[in-house]
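A.B. asks: Curious how this folds, go ahead:
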Amino acid sequence: MKTILVIGIGTGNPDHLTIEAVKALNAADTLFIPLKGEEKAGLAEVRREICRQHVTRADSRQVEFSLPKRQAEGRAYVAGVDDWHAAIAATYEALFAREIPEGGTGGLLVWGDPMLYDSTIRILNRVAARGNVAFKMRVIPGITSVQTLCAAHGIPLNLVGKPVEITTGRRLKETFPQRSESAVVMLDGEQAFMAIDDPDARIYWGAYLGTADEIVIAGRLAEVRDEILVTRQAARARHGWIMDIYLLQKGEDFDDRA
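C.D. replies: Residues are numbered from 1 along each chain as shown. Below you'll find the predicted structure:
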């Protein structure tokens, strides 16, 4: 049977790999590097650099492949993502059948942590369910963008005794601040923080976290939201892509004591 290693590689800094992740990279006969078009070429180069720094086995192979793009225009979000995942599953199935010999091991380098707002695991479950390629999967956790964001700002994630919600830009207004006083927002292509109208809300924002291009901005949301928006647009134009995340908070430690 074949083995697929799902390897969390952190947020782009080769120093963020765990020892377990480095061992996994070197356990794989074949490492798969996804290509996401010219504008996101930097993402593939980060993965190549991680391999250059950490892969020591002489017979390791790298296979680059084009990742299917999600068709968002004119599609309902859930249906569009479902079709996109199906296309990726078909791509993985063909790669595993062609590039991994029976008894061999392949490795997928997953940004951040494979268990946090990433779909690699559920897509691999689709591949397994199709029944055309038999494999076992092992997941190696990685440093998350949430951890890196808090480290960059030098803050704890939570307020004392209070919960933290992890959500998306699409769902932010449903929960913050009326249901959750601390909300980590991932996958926000629409900058949903611009629609939050609360004078007491604070934001801790970061992009390209853990890399030489890291940008962080923090403050009262009403005071820094425009700065974040302009900075984000400029950074995306400069690099051709952006990965950012932010934490919204309202309230203070111990402010709910009787």
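
A.B. asks: Point out where the chain drops to low pLDDT.
C.D. replies: 39, 74, 257-258 (pLDDT under 70).

A.B. asks: What segments of it are helices?
C.D. replies: Remark: helices assigned in the chain by DSSP state H are 19-27, 41-54, 77-99, 120-130, 145-153, 172-175, 221-239.

A.B. asks: And Tyr92, how close does it get to Glu64?
C.D. replies: 14 Å (Cβ to Cβ, to the nearest Å). All C-beta atoms are positioned from the backbone trio N, CA, C, and that covers glycine.

A.B. asks: Which one's more surrounded, the two?
C.D. replies: Ranked by neighbour count (other Cβ atoms under 10 Å), Tyr92 and Glu64 place Tyr92 first, with 24 against 12.

A.B. asks: pretty sure that one is touching Ile121, no?
C.D. replies: No - using Cβ atoms under 8 Å, Tyr92 is not in contact with Ile121, being 11.8 Å away.

A.B. asks: Including distance to Ile215, could the helices of the chain go into CSV?
C.D. replies: Compiled in CSV, the helices of the chain are given as follows (distance: least, Cβ to Cβ, whole Å):
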stretch, distance to Ile215
helix 19-27, 25
helix 41-54, 15
helix 77-99, 28
helix 120-130, 26
helix 145-153, 9
helix 172-175, 21
helix 221-239, 6
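
A.B. asks: if you compare these, which one is most tucked away?
C.D. replies: helix 145-153 (a mean of 20; mean count of other Cβ atoms under 10 Å).

A.B. asks: Relative to Gly142, how far out is Asp15?
C.D. replies: 12 Å.

A.B. asks: So these two - more neighbours on which side?
C.D. replies: When neighbours are counted by other Cβ under 10 Å, Gly142 comes out ahead of the other of Asp15 and Gly142, with 27 against 9.
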